[in-house]
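**Student:** structure, please.
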Amino acid sequence: MNSSTETRSIDADFQIAFDRAMEVALAIPKAAVTAEPTVTIPNDASPPPLQTREIAPQPNIFDQPITVQVGDETDDPNLKDRALTTTDLNLREGPGPDYLKVETMAKGTELVVLERSGKWWRVRSIASSAEGWINGTFVTAKN
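**Tutor:** Numbers count the residues shown, from 1 in each chain. All right, here's what the predicted structure looks like:
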């Protein structure tokens, strides 16, 4: 059985493919290659219209109830209401569960109450000095 097998060098095949890709990328015309079709894009073609969508912030900041602050938050903390957390509690950037968490306070963390808006209280942690909003149902008054 007489069979002839053709062997090819992979390196040569890669070189040919690379050369062809470079010709296309650099748009260098090759005189010997005329059988390949070329695509011409007219200059007056306009791009397709952009698709846009409305993005709304979450939560809606301007839909939150307006709260009135009583007193100056820079007052002496000893003159403000004090409270202790009754469970591990999330301190948030705003008065509601949709706001980002600032930190998690451990049970028994001492707080200075700066403002109240319904069940949400703006507080300052004595331990970390972080300020934010908590659900006031999870704290108890400190005497």
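**Student:** quick one: least confident helix or strand in this protein?
**Tutor:** Among the helical and strand segments of the chain, the one scoring lowest on mean pLDDT, DSSP states H and E is helix 10-26, with a mean of 81.
**Student:** which elements pack onto that helix?
**Tutor:** Applying 3 or more Cβ pairs under 8 Å, 6 or more residues apart in numbering; DSSP states H and E, we find helix 10-26 packed against no helix or strand. Where C-beta positions appear, they are placed from N, C-alpha and C, glycine not excepted.
**Student:** mind checking what helix or strand follows that helix in sequence?
**Tutor:** strand 81-85 (DSSP states H and E).
**Student:** and the helix or strand following that following strand, what's its mean pLDDT?
**Tutor:** Per DSSP H and E, the first helix or strand lying C-terminal to strand 81-85 is strand 89-92. For strand 89-92, mean pLDDT is 93.
**Student:** relative to the helix or strand just after strand 89-92, what are the paired strands and their orientations?
**Tutor:** Next helix or strand after strand 89-92 toward the C-terminus (DSSP H and E): strand 101-105. Note on strand 101-105: by DSSP bridges, its sheet partners are strand 89-92 (antiparallel).
**Student:** low-confidence stretches in this protein?
**Tutor:** Low-confidence segments of the chain, defined by pLDDT under 70: 1-10, 27-45, 55-80, 143.
**Student:** and the strand ranked longest in it, which residues are buried?
**Tutor:** If you go by DSSP state E, the chain has its longest strand at strand 110-117. Buried residues in strand 110-117, counted by 16 or more other Cβ atoms under 10 Å: 111-117.
**Student:** between those residues, which is nearest Val24?
**Tutor:** Ser117 (64.9 Å; Cβ to Cβ).
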